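In: 3D, please:
(chains A, B, C and D)
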Number of protein chains: 2
Amino acid sequence: MVTPNKHLPAEERRAVTVEAVVELAAEQNPSNITTSAIAKRMGLTQGALFRHFPSKDAILQAVMEWVAERLMSRVDKAAQAATSPLSALEAVFMAHVEFVIERPGVPRMLFGELQRAEETASKRMVQTLIHRYGERLHQLIEQGIKDKELDPQLDPEAASTLFIGTIQGLVMQSLLAGDVCQIRQDAPKVFAIYRRGIIYRP
Amino acid sequence: MVTPNKHLPAEERRAVTVEAVVELAAEQNPSNITTSAIAKRMGLTQGALFRHFPSKDAILQAVMEWVAERLMSRVDKAAQAATSPLSALEAVFMAHVEFVIERPGVPRMLFGELQRAEETASKRMVQTLIHRYGERLHQLIEQGIKDKELDPQLDPEAASTLFIGTIQGLVMQSLLAGDVCQIRQDAPKVFAIYRRGIIYRP
DNA sequence: AGAAAGATAGTAATCGATTACTTACTTTAG
DNA sequence: CTAAAGTAAGTAATCGATTACTATCTTTCT
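Out: Now for the predicted structure:
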């Protein structure tokens, strides 16, 4: 839960707001999160939010900045610690999955933002985030092919799409089961199939 | 587009309503589709909708019934026409993808329904739809293992999850590109990787 | 056959509830 | 003391849903 302190400095209050939104997104449809619900979660009145953000979309934008930073930082760290492209892909996958388990609202917000018809700042931020993410995957996959670790006939574009879809499928299963932690058990099994589909076979 | 006729018989009007909702779901966030928007798309007043449906959720429920019937019917037909479990899986995949291209709003509505916090009738209908779908995949996969067509160490649960996730990944890519037809080119490439991941290798 | 009668379908106005956002006032911390 | 932070009570717009009423089609009776 979020700290119930009153009279926080502005910067801290904004951070707490982001946390509250991410929490709420794990419990309900992200596009139906109201400013009243956010304020209530923080133990604040609704109007107080607008002391720190000019609009609701600015709140969502701050959330997406937070997501982009945290997710990419963990993904990069996981990739750098690995010793080969394939093990890097696996490490990135598990890091991503672990992030999703900790913050189940995040993938739901990302997908929700992509669905919006309007071209908001938060939507554009999600687009660039996924674009950057896809480029990282691309690099790893192409390096893996060069190193004869991955199938030389592999389509990096398709492999990248499947990588992201794999996680999306796990999220969908967790929505069906109503249990996020199930992902942790299923993720290795699902990645094993993916790994088998991209690996080099002499 | 939907027929602009006035004074349709009740059953036809309900069918037209479902079509309108599916169309709208392809253009905007499904959870933000209003009854006014539906009526406007049909060339009708908003109140007229409630002559044919007791509530908005009843409309969504009708849409989900429509989706479940159409999708499962096409998937079943594709599977029965195939000559082996693996080719059936591929046929189901392509049939599903073709369905998504024709009605891009459908997968977005399914995912959106799953995200809802409330236990509505339409949400439960989506849950049973995906459950049925997963069982079909299960059957095909287990038969494929028996027939020595698929990897004997394959986890049918994980393979089923990955199958659905693969399509979900394609949908996400189409949202990013803003172009649905891209799916048709990418689908075979992505399925090729999936196929490589599950196939039997002596 | 044809007009009256009933049933069905659609309209326009409106309801209370909820939304994002604003304003005027009060409290708190440095 | 003062500026920042929070409260309380508003705003206009929009939501799903209901109302009273009109238009159109179908059935029935002579």
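In: strands of chain A, start to end?
Out: Along chain A, counting by DSSP state E, no stretch forms strands.
In: just the helices in it please.
Out: For chain A, the helices defined by DSSP state H occupy A:10-25, A:35-42, A:46-49, A:56-81, A:85-102, A:105-115, A:121-146, A:156-177, A:182-198.
In: gap between the fourth one and the chain center?
Out: Right, helix A:56-81. The chain centroid and the centroid of helix A:56-81 are separated by 7 Å under Cα atoms, centre = their mean, to the nearest Å.
In: now the angle from it to helix A:105-115?
Out: Interaxial angle, helix A:56-81 versus helix A:105-115 (axes from the mean of the first three to the mean of the last three Cα atoms, to 10 degrees): 120 degrees.
In: by contact count, what packs against helix A:56-81?
Out: If contacts are counted by 3 or more Cβ pairs under 8 Å, 6 or more residues apart in numbering or on different chains; DSSP states H and E, helix A:56-81 sits against helix A:10-25, helix A:35-42, helix A:85-102, helix A:105-115, helix A:121-146. Any C-beta I mention is one placed from the backbone N, CA and C, and that applies to glycine too.
In: domains in chain A, as residue ranges please.
Out: As recorded under automatic domain parsing, the domains making up chain A are A:1-53, A:55-198.
In: could I get the average pLDDT for the longest one?
Out: Read that as domain A:55-198. What domain A:55-198 shows for mean pLDDT is 96.
In: check the offset of it from the chain's centre.
Out: That offset, for domain A:55-198, works out to 6 Å (Cα atoms, centre = their mean).
In: quick one: residues contacting A:Arg70.
Out: A:Phe99 (Cβ atoms under 8 Å, 6 or more residues apart in numbering or on different chains).
In: residues from chain A in reach of DNA strand C?
Out: Neighbours of DNA strand C within chain A, by Cβ under 7 Å from any atom of the strand: A:6-7, A:33-37, A:46-47, A:50, A:54-57.
In: if you rank the residues you listed by neighbours, which is first?
Out: Among the residues of chain A next to DNA strand C, the one with the most neighbours (other Cβ atoms under 10 Å in any protein chain shown) is A:Ile33, at 24 neighbours.
In: quick check: closest non-adjacent residue to that residue.
Out: Distance criterion Cβ to Cβ, 6 or more residues apart in numbering or on different chains; nearest residue to A:Ile33, sequence neighbours excluded, is A:Leu24 at 5.0 Å.
In: ditto for A:Val21
Out: In space, and not counting its chain neighbours, A:Val21 is closest to A:Val63: 4.9 Å by Cβ to Cβ, 6+ apart.
In: find the closest residue to DNA strand D in chain A.
Out: Closest to DNA strand D within chain A is A:Gly47: 2.7 Å, counting by Cβ to the nearest atom of the strand.
In: okay, A:Pro4: pLDDT?
Out: A:Pro4 is assigned 52 on the pLDDT scale.
In: residues of chain A that sit close to DNA strand D?
Out: By the rule Cβ under 7 Å from any atom of the strand, the part of chain A lying against DNA strand D is A:6-10, A:13, A:43-48, A:51-52.
In: at 6 Å what do you get?
Out: Residues of chain A lying close to DNA strand D (Cβ under 6 Å from any atom of the strand) are A:6-10, A:13, A:44-45, A:47-48, A:51.
In: ok so, going back, the residue nearest to A:Val21 contacts A:Arg108, correct?
Out: No: between A:Val63 and A:Arg108 there is no contact under Cβ atoms under 8 Å: 11.9 Å.
In: one step back: neighbours of the residue nearest to A:Ile33, how many?
Out: A:Leu24 has 21 neighbours, counted by other Cβ under 10 Å.
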